[in-house]
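S.K.: Model the following, please.
(one chain, ligands or ions: 1)
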Amino acid sequence: MKRITISKGDGIGPEIMDATLEILKAAGAQLEYDEIEVGEKVYLSGNTSGIASESWEKIRNNKIFLKAPITTPSGGGYKSLNVSTRKTLGLYANVRPCMSLHPFVKTKHPVMDIVIIRENEEDLYAGIEHQQTDEVVQCLKLISRPGCEKIIRYAFEYAKNYGRKKVTCFSKDNIMKQTDGLFHEVFNEIAAEYPEIENDHWIVDIGAAKVADTPEDFDVIVMQNLYGDIISDIAAQITGSVGLAGSCNIGEEHAMFEAIHGSAPTIAGQNIANPSALIQGAILMLSHIGQNEVADKIQNAWLKTIEDGVHTVDIYDENVSTQKVGTKEFGQAVIERLGQLPNKMPVRKSPTNINLNLPKYNRKPRLNKELKGVDLFVHWDGFDPNDIGGQLRNIEIGDIKLDMITNRGIKVFPDGFKETFCTDHWRCRFKNVNGTNITKEDIIQLLNNAEAKGIDVIKTENLYHFDGKRSFSLGQGQ
Ligand code: NAD
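M.R.: Just a heads-up that it's a prediction; the model follows:
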């Protein structure tokens, strides 16, 4: 028996959870439950995190959490429980299988069976945002080597264990050479350890277009948080319906399983929601805790139900469906078919010895770090870069001189184009003209000089070479 935590959530959550639990019981899943309340009621009781501390205890004790969708009330102040659960419990990998069920569920892509593995903890989702000037706000994109290594190794281990042939990496390293560049570099390093698995890389924009057009060309795809958020929804949708896909969030100790859709409040309480996505979440959970036989039994019965044309309203199509059923009746139809196999769609047979080899991250010895310069970010209302450039010449210290100024990344000084629009946020780079290192004292002196001249420095960013390699971007056009 495995004790897990469940929550029935909001909207259609209770209906689809009840249908799922009945199937788990009938299939003989060896599970015991601790039920907790999360979501709308908890938020509206004044708890802005949407979860009580006793509930955290249960989640942390049981380590496995099956969660129905919740409603995040609109209006400020409420924190997304999904994001905080993923981050608090270190659920770094979001795994989302997207498979079409042709010809039983209408799709433009009859041959589609991909798994999207999305990094879940970092990227722009760190939520580190600041307004810096009247006109400019920023969101920091943080990508770490451990974050990349963990998710990319997970993708290759997943492929190896589940008989997948290829792992594809999506990134935008042609533009973001440091952040996406690191992701791609780590992908290449880890791919080399798995010669038996094919690998390739696509720039994310054309990669996403190809997923939408020829998903049959892909197998496992690994990507950063934001790209994964968007593309996994596209992938689920083009299989036929987001109402069919489950997902899991996996960490070193904990795991959370869910449907990918939300709480669908407009159809709540009517017994019309499709419980399939949460059933898929539960199947992923059973595999994760080693109850593969039950997982296969439920998946095969579910496929047979879909093949038999027993469909909820969201996928009902009079040309292929035979019966339009409600949430509860769909669950019963799956239960009636436990032990049966699909006739046309591939029968599911889980690999017997799944063993993901995911070593703990080992911090490597520090690299040699040299301070080569500094970017001072300046809030200035003028429009002519030569004007601010002239003012900044007055704060130089000996050979540490103004090297260039960019505005929203594009070089505008020296020798900018008058056509370039400038906002009130200027990145002003100072370096030693001889190429030698500078010191932190030099930076403090530059800041003191700027302050004395009335220049409004809003932040600084140190420019480093790590092991002799330039580790900051040049100005665009530089
Ligand atoms: P949604 O996924 O709830 O609904 C989108 C559309 O899909 C609606 O038309 C809905 O009726 C339909 N739909 C969704 N699930 C269905 C199912 N199982 N069967 C049949 N039709 C289904 O997205 P939304 O409307 O943007 O969000 C509603 C609420 O859900 C919001 O409060 C949002 O914050 C929350 N949400 C929660 C989660 C989660 O808990 N994991 C995820 C996304 C959204």
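
S.K.: What about the closest residue to the ligand within the chain, how many residues nearby?
M.R.: Taking CB to the nearest ligand atom, the ligand has its nearest neighbour within the chain at Gly262, 2.4 Å off. Using the backbone N, CA and C atoms, a C-beta is placed for each residue, glycine as well. Residues lying near Gly262 (other CB atoms under 10 Å) number 17.

S.K.: buried set for stretch 252-260?
M.R.: Buried residues in stretch 252-260, counted by 16 or more other CB atoms under 10 Å: 254-260.

S.K.: Let's see which of those end up in strands.
M.R.: Of the buried residues of stretch 252-260, the ones assigned to strands by DSSP state E are 255-259.

S.K.: Which positions in the lowest-mean-pLDDT helix or strand in the chain come out as buried?
M.R.: Of all helical and strand segments in the chain, the minimum by mean pLDDT, DSSP states H and E falls on helix 81-88, at a mean of 85. Neighbour-count burial for helix 81-88, counted by 16+ other CB under 10 Å, picks out 81-82, 85-88.

S.K.: what's the span of stretch 188-200, first residue to last?
M.R.: Chord length of stretch 188-200, first to last residue, is 9 Å (CA to CA, to the nearest Å).

S.K.: got a list of contacts for it?
M.R.: 149, 152-153, 156, 159-160, 164-169, 187 (CB atoms under 8 Å, 6 or more residues apart in numbering).

S.K.: List the buried residues in that stretch.
M.R.: 190-191, 194, 197, 199.

S.K.: try stretch 21-38
M.R.: 21-24, 26-27, 29, 31, 34, 36-38.

S.K.: ok, so of those residues, who is nearest Asp424?
M.R.: Checking the buried residues of stretch 21-38 against Asp424 with CB to CB, the nearest one is Val38 at 42.7 Å.

S.K.: Quick check: the closest one touching Ile6?
M.R.: No: with contacts counted by CB atoms under 8 Å, Val38 stays clear of Ile6, the gap being 10.2 Å.

S.K.: For the two, list the residues in contact with both.
M.R.: Between them, Val38 and Ile6 share these contacting residues under CB under 8 Å, 6+ apart: Lys67.

S.K.: Do me a favour and get the backbone dihedrals for the spatially most distant residue from the centre of the chain.
M.R.: Most distant from the centre of the chain: Gly398, at 46.8 Å, with distances by CA atoms, centre = their mean. Main-chain torsions, Gly398, degrees, to the nearest 10: phi 60, psi -120.

S.K.: wait, what's in contact with it?
M.R.: Contacts of Gly398 (CB under 8 Å, 6+ apart): none.

S.K.: Check it and give its pLDDT.
M.R.: Note on Gly398: pLDDT of 96.

S.K.: and whichever strand or helix holds Leu446, which residues are buried?
M.R.: If you go by DSSP states H and E, Leu446 is part of helix 440-452. For helix 440-452, the neighbour count (16+ other CB under 10 Å) marks 442-443, 445-447, 450 as buried.

S.K.: Could you dump the residues you listed into JSON lines with pLDDT added?
M.R.: JSON lines is the format used below for those (pLDDT from 0 to 100):
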{"residue": "Asp442", "pLDDT": "98"}
{"residue": "Ile443", "pLDDT": "98"}
{"residue": "Gln445", "pLDDT": "98"}
{"residue": "Leu446", "pLDDT": "98"}
{"residue": "Leu447", "pLDDT": "98"}
{"residue": "Ala450", "pLDDT": "98"}
